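Engineer: Quick one, structure for this:
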Amino acid sequence: MNLHDFQTSVIDDLTTAAIKGSRRLLLTLPTGAGKTHVAANIIRHAVSNGNKVLMLSHRRELVYQPQNILEKFGVTDVALMLSGDPYVTCYPVVIASIPTMHSWVVRRKKEQAPPADLIVVDEAHHLTGSKTWQDILSLYPDAIILGMTATPISRSGKGLKAYFDTLIQGPSIKDLTDQGYLVPAKFFAPSIPDLAGVKIRNGDYADEELEKRMDQPKLIGDILINWERIAKDRKTVIFASGVKHSIHLAESFKAIGVKAAHIDGNTDGRERDRILKDFASGEIQVVCNCAVLTEGWDSPSVSCLVFARPTKSLLLYLQVAGRVLRTHPGKKDCYIIDHAGAVYEHGLLTEDREWKLEYIEEKEKSAKIKKAREKKTITCKNCKSVYSGMLTCPYCHTTPEVHGKPVATYEAYLQALDAIEMEELRKLQPNKQEWWQMLRGYAIHKYYKNGWAWHKYKEKFGVGPSSQWANTQPLTPSLEVKSWIRHTQIKWAMSKKNPKNQTPRTESTVPIQSHGYARIDALAGNSYQPEQPEMCEENFE
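Structural biologist: I've put the predicted structure just below:
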């Protein structure tokens with residue numbers, strides 16, 4: 001197997017870093033750039049020098065994939081530590097499923113930890129906050145650790161400096177696209193979904209609230225209409241906001257005569273393999289999924305992706321979007337139909353991103369144990385059997401008419417975007433940091449409590465302001481900001497007059513006297529020049 005020049009270059013960089021004494025190396029390459037091929041070449045050299053190698057993968061299908069690639073590199077003595085497969089202890093290379101190894105070696109002590117001089121960690125961004133992964137790595141204090149990922153951050157955006165000491169960054173998506181190693185992506189995007197009020201958990205939208213919001217009025221843009229207009233001849237993968245959302249989308253495609261299927265985490269393994277095999281062969285044109293095909297799934301012939309799952313996580317956005325970038329005979333480009341506003345949240349894939357190892361101290365873990373989610377089940381109306389993960393009843397083969405709630409939509413004609421158009425569209429979006437600074441300026445001018453600006457910002461955008469803006473300077477409020485504040489004051493005043501619509505008074509609407517609080521002139525170096533203090537309407541209640 002021959003490597004591309006950029007793959008050889010990153011191997012040279014990794015070797016140089018190891019020679020200089022780095023023991024925990026992190027390699028980042030975009031999805032589709034051949035990270036497994038790079039790892040296979042490194043493993044081949046390590047084995048030829050008499051070293052033992054352990055490769056860790058967190059999903060079952062990701063265990064078989066590197067085994068097949070290693071065989072192409074001439075490494076055939078490979079053992080699999082995987083539940084249900086025979087395990088050979090004498091081979092120099094072991095590819096282990098992390099759940100299986102943790103169960104066998106750490107918890108049950110059924111097997112000895114396989115010897116390893118080099119440990120290759122696939123999808124290394126999962127290290128953050130995972131005791132299972134860290135328990136395994138703690139067994140090898142003297143081994144060299146090589147992490148590989150397309151997104152060297154946690155889902156909440158934290159760096160990986162706590163786990164690695166050197167970051168080797170390969171070429172960007174733009175570089176690989178320009179060189180022909182990846183196909184160009186063309187975005188089609190509507191306006192941004194209204195997600196105000198959806199809770200944020202671990203740096204992303206809470207799954208149950210997001211599904212509820214996206215699987216009812218009003219999803220932005222009709223997925224079927226826009227897909228039929230833009231990509232009806234393309235093999236398509238759809239990322240939905242939840243299981244019901246995914247099932248309903250699959251049913252909707254089937255209703256218009258398109259061969260479609262749904263899979264989720266509860267889909268039977270054999271059924272999932274059959275669906276993906278039919279998808280790869282062209283028997284199925286559209287596959288809808290919920291959180292299954294996000295990582296490690298390769299189907300180069302797919303040329304269209306529908307993003308129906310909003311996310312605040314840059315990691316998830318890049319992992320999902322990377323599924324359609326691989327080259328394939330006859331494939332000139334790929335379409336990303338964005339119904340989730342992800343491109344506005346995170347930018348085009350071709351934007352330059354300089355990854356860094358930055359350590360942010362993790363918060364203390366909660367003592368409460370989160371309850372496992374109740375599995376989504378379906379009761380067959382014909383035979384009354386209960387099943388999950390598929391549309392058709394596996395017992396009597398009855399296909400229910402509808403499992404999920406209908407998705408009502410706004411009419412939205414999606415338009416293609418390029419970098420210039422993206423910049424123009426971004427100018428039309430509110431600058432959240434400036435809004436925060438102006439709300440602070442208004443609060444200081446009106447002598448409001450310190451928390452007023454925070455609550456008003458959350459009322460406007462659905463989430464609190466970023467902690468990184470804590471030391472930014474207050475600004476003079478614009479007419480737009482003043483108008484919006486005035487609107488909320490009138491709305492509150494009207495609710496007081498109408499007891500039926502009365503809303504509880506919150507801290508954000510309680511004016512206070514100036515004594516006991518920092519005066520505007522106490523802000524040293526503040527560029528904000530307030531007008532003379534005056535009583536606002538709220539003070540005349």
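Engineer: which ones are touching the residue lying closest to G282 once chain neighbours are set aside?
Structural biologist: Spatial nearest neighbour of G282, chain neighbours left out: K235 (7.2 Å); criterion: Cβ to Cβ, 6 or more residues apart in numbering. (Glycine included, C-beta is placed from N, CA and C.) Counting by Cβ atoms under 8 Å, 6 or more residues apart in numbering, K235 touches 279, 282, 285-286, 299, 301-304.
Engineer: Might you report the residue contacts of F253?
Structural biologist: 224, 260, 286, 288.
Engineer: And for the second one, the neighbour number?
Structural biologist: The reference is to A260. 23 (other Cβ atoms under 10 Å).
Engineer: Please report how far it lies from H445.
Structural biologist: 56 Å (Cβ to Cβ, to the nearest Å).
Engineer: repeat for the third one
Structural biologist: Between V286 and H445 the distance, using Cβ to Cβ, works out to 55 Å.
Engineer: Please say which of those two ends up with more neighbours.
Structural biologist: Applying other Cβ under 10 Å to V286 and H445 shows that V286 carries more neighbours, namely 24 against 19.
Engineer: Show me what the mean pLDDT comes to for stretch 68-88.
Structural biologist: Confidence for stretch 68-88, expressed as mean pLDDT, is 89.
Engineer: burial count for the residue lying closest to L357 once chain neighbours are set aside?
Structural biologist: Using Cβ to Cβ, 6+ apart and skipping residues adjacent in sequence, the residue nearest L357 is K161, 4.1 Å away. By other Cβ under 10 Å, the residues close to K161 number 16.
Engineer: so how far is S154 from K161?
Structural biologist: 11 Å.
Engineer: Three-state assignment for the residue nearest to L357, please.
Structural biologist: Recorded secondary structure, K161: coil (DSSP: H, G, I helix; E, B strand; the rest coil).
Engineer: quick one: pLDDT of it?
Structural biologist: In this model, K161 carries a pLDDT of 82.
Engineer: Now do L348: how many residues are near it, please.
Structural biologist: So L348, with other Cβ under 10 Å, has 17 neighbours.
Engineer: looking at this, it is in a helix?
Structural biologist: No: the assignment for L348 (three-state DSSP) gives coil, which keeps it out of a helix.
Engineer: Pull the host helix or strand of K482 out as CSV, backbone CA atoms only.
Structural biologist: Using DSSP states H and E, K482 falls within helix 479-497. What follows is helix 479-497, C-alpha atoms only, in CSV (Å, rounded to 0.1, in the frame of the first residue of the first chain):
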residue,chain,number,x,y,z
LEU,A,479,-31.6,51.6,18.6
GLU,A,480,-32.3,48.0,17.8
VAL,A,481,-31.3,46.9,21.3
LYS,A,482,-33.3,49.7,23.0
SER,A,483,-36.3,48.9,20.9
TRP,A,484,-36.2,45.3,21.9
ILE,A,485,-35.9,46.1,25.6
ARG,A,486,-38.8,48.6,25.2
HIS,A,487,-40.8,45.8,23.6
THR,A,488,-40.2,43.4,26.5
GLN,A,489,-41.1,46.1,29.0
ILE,A,490,-44.4,46.8,27.3
LYS,A,491,-45.1,43.1,27.1
TRP,A,492,-44.5,42.7,30.8
ALA,A,493,-46.7,45.8,31.6
MET,A,494,-49.6,44.4,29.5
SER,A,495,-49.4,41.1,31.4
LYS,A,496,-49.8,43.0,34.7
LYS,A,497,-52.9,44.7,33.4
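Engineer: what is the mean pLDDT for it?
Structural biologist: 77.
Engineer: That one - contacts with which helices or strands?
Structural biologist: In terms of contacts (3 or more Cβ pairs under 8 Å, 6 or more residues apart in numbering; DSSP states H and E), helix 479-497 is packed against helix 432-445, helix 452-461.
Engineer: redo that, cut-off 7 Å
Structural biologist: helix 432-445 (3 or more Cβ pairs under 7 Å, 6 or more residues apart in numbering; DSSP states H and E).
Engineer: Would you mind confirming that the residue nearest to L357 is in contact with K356?
Structural biologist: No: using Cβ atoms under 7 Å, K161 is not in contact with K356, being 8.4 Å away.
Engineer: Please point out which parts of the helix holding K482 sit buried.
Structural biologist: 481, 484-485, 492 (16 or more other Cβ atoms under 10 Å).
Engineer: cool, and stretch 233-253?
Structural biologist: Per 16+ other Cβ under 10 Å, stretch 233-253 contains these buried residues: 234-253.
Engineer: Pairing partners for the helix or strand hosting F188, with directions?
Structural biologist: For F188, the host element (DSSP H and E) is strand 185-189. Counting by DSSP bridges, the strands paired with strand 185-189 are strand 334-338 (parallel), strand 415-417 (antiparallel).
Engineer: contacting residues for T100?
Structural biologist: Each residue near T100 by Cβ atoms under 7 Å, 6 or more residues apart in numbering is listed here: 81-83.
Engineer: Spell out which helix or strand contains it, please.
Structural biologist: Secondary structure from DSSP H and E places T100 in helix 98-101.
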